[in-house]
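A.B. asks: how does the following fold in three dimensions:
(chains A, B, C and D)
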Number of protein chains: 4
Amino acid sequence: MSIKVSVVGASGYVGGEILRILAQHPHAEIVSLTSRQYAGEYVHKAHPNMKGIISARFTGDDPVKASANADVVFLALPHKASVKVVPKLIETGIRIIDMSADFRLKTPESYVRWYGYEHPNPELLEKFVYGLPELHREELKGAKYVSAPGCMASASIIGLAPLVKKYTPSSPIIVDAKIGSSGAGGKPSPSTHFSERYGVIRPYKPTGHRHTAEIEQELRFVSGKNIGVAMSAHAVNQVRGILTTSHFITDTGTKLPDVWKAYRDFYPSEPFVRFMMDKTGIYRFPDPKVVIGSNFADIGFDIDPYINRVVVLTAIDNLLKGAAGSAVQSMNLMFGFNEREGLNMAALHPV
Amino acid sequence: MSIKVSVVGASGYVGGEILRILAQHPHAEIVSLTSRQYAGEYVHKAHPNMKGIISARFTGDDPVKASANADVVFLALPHKASVKVVPKLIETGIRIIDMSADFRLKTPESYVRWYGYEHPNPELLEKFVYGLPELHREELKGAKYVSAPGCMASASIIGLAPLVKKYTPSSPIIVDAKIGSSGAGGKPSPSTHFSERYGVIRPYKPTGHRHTAEIEQELRFVSGKNIGVAMSAHAVNQVRGILTTSHFITDTGTKLPDVWKAYRDFYPSEPFVRFMMDKTGIYRFPDPKVVIGSNFADIGFDIDPYINRVVVLTAIDNLLKGAAGSAVQSMNLMFGFNEREGLNMAALHPV
Amino acid sequence: MSIKVSVVGASGYVGGEILRILAQHPHAEIVSLTSRQYAGEYVHKAHPNMKGIISARFTGDDPVKASANADVVFLALPHKASVKVVPKLIETGIRIIDMSADFRLKTPESYVRWYGYEHPNPELLEKFVYGLPELHREELKGAKYVSAPGCMASASIIGLAPLVKKYTPSSPIIVDAKIGSSGAGGKPSPSTHFSERYGVIRPYKPTGHRHTAEIEQELRFVSGKNIGVAMSAHAVNQVRGILTTSHFITDTGTKLPDVWKAYRDFYPSEPFVRFMMDKTGIYRFPDPKVVIGSNFADIGFDIDPYINRVVVLTAIDNLLKGAAGSAVQSMNLMFGFNEREGLNMAALHPV
Amino acid sequence: MSIKVSVVGASGYVGGEILRILAQHPHAEIVSLTSRQYAGEYVHKAHPNMKGIISARFTGDDPVKASANADVVFLALPHKASVKVVPKLIETGIRIIDMSADFRLKTPESYVRWYGYEHPNPELLEKFVYGLPELHREELKGAKYVSAPGCMASASIIGLAPLVKKYTPSSPIIVDAKIGSSGAGGKPSPSTHFSERYGVIRPYKPTGHRHTAEIEQELRFVSGKNIGVAMSAHAVNQVRGILTTSHFITDTGTKLPDVWKAYRDFYPSEPFVRFMMDKTGIYRFPDPKVVIGSNFADIGFDIDPYINRVVVLTAIDNLLKGAAGSAVQSMNLMFGFNEREGLNMAALHPV
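C.D. replies: Okay, the predicted model is just below:
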């Protein structure tokens, strides 16, 4: 059995990664891929890595036309662009996986606070499943509409969910995030000019990062409590990869075996969660370096001996587990495929 | 049908890449992997990317014992180590793919000149096929013993073969090579210490690089002529990737359509050769950036309007097309598998 | 007037940076420089940048002999090595600037807790001034013995001192530090091997970093209170530079103008503190990229609108303001020179 | 004695580097600095490294007005912009150092061939001295008009001049150049977008690079012969630095002591030329890594034992010896200052 897939906005970095995965997927066939900027051009013009792999061209078709013969459409559009397209697509009966933030939050108030606009279709927010299989697997099975999580939100939530389920922090959880340049997309700007971007450790968003909204929402989903999250985002000197360092302070302290148990209980057999905890060697803790190119989320933690702090570390490839990888994993669940299908590639090492 | 594979010296970078490819190969099963340094350890201790993919441990078995149940053995050993092992393995009847330089050159004199030693088994040199499918496909089909080419030799030869078949240079071909750090292996040293290695454009071998011997040998094979090659090797600021810039001067000059024809005739349908020649865009010429993680060799060329020079550019991932990738491609030919099997992954982009 | 300077352990990265600064210092003359590893070799053998600048050779002299004719000695030795040498040097009457951790902490108990050893000369701890001019300027004027601060401690303390003087945190201050490879010194190891170190975001010390001790000590000095500090240290993909992101949570909240005032009051005219706070542009906040090669400490802060958090950012060059730069600044104060002498170079940009 | 300096086009990378040098120059005072893009802004808005060093603002004044009170003007303008300004500036009697290519070539025909335009003021070409002190020191003393060399031309010429004076190549000299991103200036574009530029070894100009014209001109000046130069330019993974690898083939061969003599005779006491030739260690040959931030040109060479080839290596910081550094060195000569003034800083290491 094979499904027909349409990719809208396929010339961006997330779109390209969806193409790369689907090109190897045994049960998916790309029937349409669109790009306004690259309409009429070969795929390899935007994604030179795909030369010799995909010989198709981008079309400039509107999303509804482009998806006419597809079973599912991936919308890899900018924020606020998806929301204009989704209602029309819903009318056609197609399944949708939206990569933007437009359907991640469950309440219209959250969009006002975090994105600064009135959501035009608040009635649709409840229809979308938050596409993180580690938390929403059962809902994803057979889901019609999926909203793929934000990249830094994915890392933060996957790392913190087991902890907040068992423990309550006594002060806001600090999420100190480090991310490569690909998270900022493919459009040139002064801040992404190589001579200015190379070698930085740049705190581009010390407070108020929008992914905070998703993290708080999902931690509430897991714990049943309102848990404050205080995020700071830093751009670092690479293209791919996210490391989130989450500082979790409790009143009571925690013990390593108990924390271990919390994680093992929460993730008894996740296909893409690995525990990176070793007593020796270079890779004792998670490091994005060894997930690049794979769909893994590597988790590690450490306990502060003098202060009641748990440090949770999560490493992902922002374009895979942080975007296209989780999205295809969700697609697999939607259509009843093996969850690993198309995603079982190892990371490159060294790279 | 599935073959049984043994990997000797599996903890090095080339060994790890062989494991990574074979873990996805539909017709190969790894039955044994050895490492003296990591004997008894899990594979992921040396190759953290393989955690969750391969759960085996390295053994410290000697090559013959390790390969007892295998159909083919990959020897990922240092130079001069393979030659000690190969005669014993040959006695057992197993097929061999040797990653070292010990069986690449066809004459014992070449070992004296380029490697500074008397080859202990000169009678075996003729038994090995030089494992570059682009030049030796027919010999590789059914071959028992294969010697995998050097990484910079692979790039140089693939790029230059079509040209030397058609044209004769009037002075030695200059091969100016740029390579990432992984070509130097995994052993720490002052020259690979990050603080000293980062940001370099380091001419580590301006003259006398040993891969010159292979290049001259194979260009002679293709052209029937003795063609001088003058190589200079530079270490540059990345982990993976080779670009060779070959400067080819003729007395008569060349015309672009003729050169194009030479390349198209030579490579009418190579599965892993791509022509990267575009009039516009960022990737008008080959760049290792867009082959990293794939088995492609990207070729491009340009003709100097005022001097009778053809500049030939070849980009490869040194651990794939420059080592493990070509080796598995050769294995596929040896056993009659589809040549692309296990190797049809796209490069990552951007990365 | 010119002083005579001896540099012991001059072949390391900190030693090299001291040489580089002193070579341009109008009032300092290097009379002796020692290295066990490089004894007899030219300075440029360890520090190739100094070729054509310093033509001297390292000697293998013991520190007392090497410093016989000097007014001051810089000890750029490993931890636990300085403490063996200092008592003998003190007997000679020479002034000492120690770059190790051996005299940074004021109580012997701290050495037991953080460094795991009984300090052999606890009576000397009080004799050393903590060499951070921003906090100890008056003590440094005319001081005989100075202990140069740790690199990440320098960044953390300079950023947090104004804040803790005015506000009391309601939970431990989280210091999330990112540092380049040069902080780990010049000795090759598996973790600093380029192929393994390149591209990392590696949490090498999530808890228990020794610099915590200095930070708590100095924040107590400034605030008169015991303030808990919870540090996590990450190795990132560059050679030089530190960014500390300090998350400071209060019960009451803070207002931007008040925080601004705290900083301006604390640093009314520091020669090497810059406030990097801009509403527009790429460099709105501190980024080590624009301090590399200079002695500046760039400070910025941001206030979380929903959680009572101040995020304090400090960027330094770990080898300058984090080591050799502060040390020479301290030397200037000890000898009554203009504090900026030898240190007024701008950072490189772009680099 | 101190001169008054005007910098026109001071917000670009070359302009910024001129400012950085002059800020430390004992005999130069910046009286005016202009930028159309940054008119009215503080210098640190374009050059964040200069915060706390230069507190001036850019003006939008036209070059003549801006230079009214200056003794000399640096024109850091794009190609074809200088040529419009220079005739007017000449009328005012001011001395000029032009950083563009507009006055580098001595014949109008060269501009047609290499730059594709008719030079509007061919009569001025002879008035400009080619600002490479290593070749034109005597002319520069007291010169009124100086044209600063191209960055890759500087490296190539400095490395090849001694060789072509003594030897005649039997085929065109191949100059294989590698350069960091800062050579491409500060303007964002798809090819300089970090995600696309990071990790490249990109042959952006395999043939026909314009600096070829200068190199051939200056090698003719030195040797009295027409010597063909065939250049290929590659963008590599760093911001600063150039390495040129020049492959020089003779009919007769060369011997190392003779080549050494050629270099020593040509450069008996150049203040900024270093020979990087060592038998051991990491830095046996020139590497831009150890010149970054300095005005040095490091030269090395190697002789091919089997082919009559000399490989000449030159490493410079493209913004210093390749632009602003040589320009200030020329200024020093023009005004009779010590040639080293303002330029005796060491490179950073490690960085």
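A.B. asks: quick one, phi psi at residue A:194?
C.D. replies: Dihedral angles of residue A:194 (phi, psi; degrees, to the nearest 10) stand at phi -50, psi -50.
A.B. asks: got the domain boundaries for chain A?
C.D. replies: A:3-149+A:321-334, A:152-318 (automatic domain parsing).
A.B. asks: redo these as a markdown table? Include distance to residue C:32 and mean neighbour count.
C.D. replies: Glycine gets a C-beta too; all of them are placed from N, C-alpha and C. Formatted as a markdown table, the domains of chain A follow (distance: least, C-beta to C-beta, whole Å; neighbours: other C-beta atoms under 10 Å in any protein chain shown):
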| stretch | distance to residue C:32 | mean neighbour count |
| --- | --- | --- |
| domain A:3-149+A:321-334 | 54 | 21 |
| domain A:152-318 | 35 | 22 |
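A.B. asks: turn the ones you listed into CSV, including mean pLDDT and distance to chain C.
C.D. replies: Shown next, in CSV, are the domains of chain A (pLDDT from 0 to 100; distance: least, C-beta to the nearest C-beta, whole Å):
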stretch, mean pLDDT, distance to chain C
domain A:3-149+A:321-334, 97, 8
domain A:152-318, 97, 4
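A.B. asks: looking at these, spot the one closest to chain D.
C.D. replies: domain A:152-318 (4.0 Å; C-beta to the nearest C-beta).
A.B. asks: check whether that closest one contacts chain B.
C.D. replies: Yes. Under the criterion of C-beta under 8 Å from any C-beta of the partner chain, chain B is reached by domain A:152-318 at A:181-182, A:186, A:239-240, A:274, A:276, A:281-283, A:290-294, A:296.
A.B. asks: again, but for stretch A:75-90
C.D. replies: No. Stretch A:75-90 does not reach chain B (C-beta under 8 Å from any C-beta); its nearest approach is 15.0 Å.
A.B. asks: any idea how far that stretch is from the middle of the chain?
C.D. replies: Put simply, stretch A:75-90 sits 18 Å off its chain's centre (C-alpha atoms, centre = their mean, to the nearest Å).
A.B. asks: repeat that for stretch A:92-100.
C.D. replies: 16 Å.
A.B. asks: could you do stretch A:92-111 as well?
C.D. replies: Averaging C-alpha positions (C-alpha atoms, centre = their mean) puts stretch A:92-111 14 Å from its chain's average.
A.B. asks: send me that stretch as PDB with only the CA atoms.
C.D. replies: C-alpha atoms of stretch A:92-111 as PDB (Å, rounded to 0.1, in the frame of the first residue of the first chain):
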ATOM      1  CA  THR A  92     -11.600  18.900   0.200                       C
ATOM      2  CA  GLY A  93     -11.500  16.200   2.800                       C
ATOM      3  CA  ILE A  94      -7.700  15.800   2.600                       C
ATOM      4  CA  ARG A  95      -5.600  15.000   5.600                       C
ATOM      5  CA  ILE A  96      -3.200  17.800   6.700                       C
ATOM      6  CA  ILE A  97       0.100  18.000   8.400                       C
ATOM      7  CA  ASP A  98       0.900  21.600   9.100                       C
ATOM      8  CA  MET A  99       4.500  22.600   9.900                       C
ATOM      9  CA  SER A 100       3.700  26.200  11.000                       C
ATOM     10  CA  ALA A 101       2.700  27.500  14.400                       C
ATOM     11  CA  ASP A 102      -0.800  28.300  13.200                       C
ATOM     12  CA  PHE A 103      -2.500  25.300  14.800                       C
ATOM     13  CA  ARG A 104      -0.200  24.300  17.700                       C
ATOM     14  CA  LEU A 105      -1.800  26.200  20.500                       C
ATOM     15  CA  LYS A 106      -5.200  25.200  21.800                       C
ATOM     16  CA  THR A 107      -6.600  28.500  22.800                       C
ATOM     17  CA  PRO A 108      -7.100  31.700  20.800                       C
ATOM     18  CA  GLU A 109      -5.900  33.700  23.800                       C
ATOM     19  CA  SER A 110      -2.500  32.100  23.400                       C
ATOM     20  CA  TYR A 111      -2.200  33.500  19.900                       C
END
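A.B. asks: what does the stretch 151-300 of chain A put close to chain D?
C.D. replies: Going by C-beta under 8 Å from any C-beta, the residues of the stretch 151-300 of chain A near chain D are A:181-182, A:184, A:186-190, A:192-199, A:238-239.
A.B. asks: would CSV of the domains of chain A with distance to residue B:234 be doable?
C.D. replies: As requested, the domains of chain A are exported to CSV (distance: least, C-beta to C-beta, whole Å):
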stretch, distance to residue B:234
domain A:3-149+A:321-334, 23
domain A:152-318, 20
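A.B. asks: which one of those lies closest to residue B:319?
C.D. replies: Between residue B:319 and these, the tightest spacing by C-beta to C-beta is seen for domain A:152-318, at 13.0 Å.
A.B. asks: show me the helices in the stretch 1-150 of chain A, by range?
C.D. replies: A:13-22, A:43-46, A:63-66, A:82-92, A:108-110, A:133-140 (DSSP state H, counting those that start in this stretch).
A.B. asks: residue D:247 is nearest to which of those?
C.D. replies: helix A:43-46 (33.1 Å).
A.B. asks: quick check, the closest one touching chain B?
C.D. replies: Yes. Applying C-beta under 8 Å from any C-beta, one finds helix A:43-46 in contact with chain B at residue A:45.
A.B. asks: how far out from the middle of the chain is that helix?
C.D. replies: Taking mean C-alpha positions (C-alpha atoms, centre = their mean), helix A:43-46 and its chain are 23 Å apart.
A.B. asks: how about the helices of the stretch 1-150 of chain A in a markdown table, adding distance to residue D:314?
C.D. replies: Converted to a markdown table, the helices of the stretch 1-150 of chain A look like this (distance: least, C-beta to C-beta, whole Å):
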| stretch | distance to residue D:314 |
| --- | --- |
| helix A:13-22 | 38 |
| helix A:43-46 | 37 |
| helix A:63-66 | 54 |
| helix A:82-92 | 53 |
| helix A:108-110 | 59 |
| helix A:133-140 | 55 |
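A.B. asks: which of the residues of the stretch 151-300 of chain A next to chain D fall within strands?
C.D. replies: Judged by DSSP state E, those include no members of strands.
A.B. asks: out of the residues you listed, which are inside helices?
C.D. replies: A:194, A:195, A:196, A:197 (DSSP state H).
A.B. asks: got a list of what the first one touches?
C.D. replies: With contacts taken as C-beta atoms under 8 Å, 6 or more residues apart in numbering or on different chains, residue A:194 has the following neighbours: D:181, D:192, D:193, D:194, D:197, D:198, D:239.
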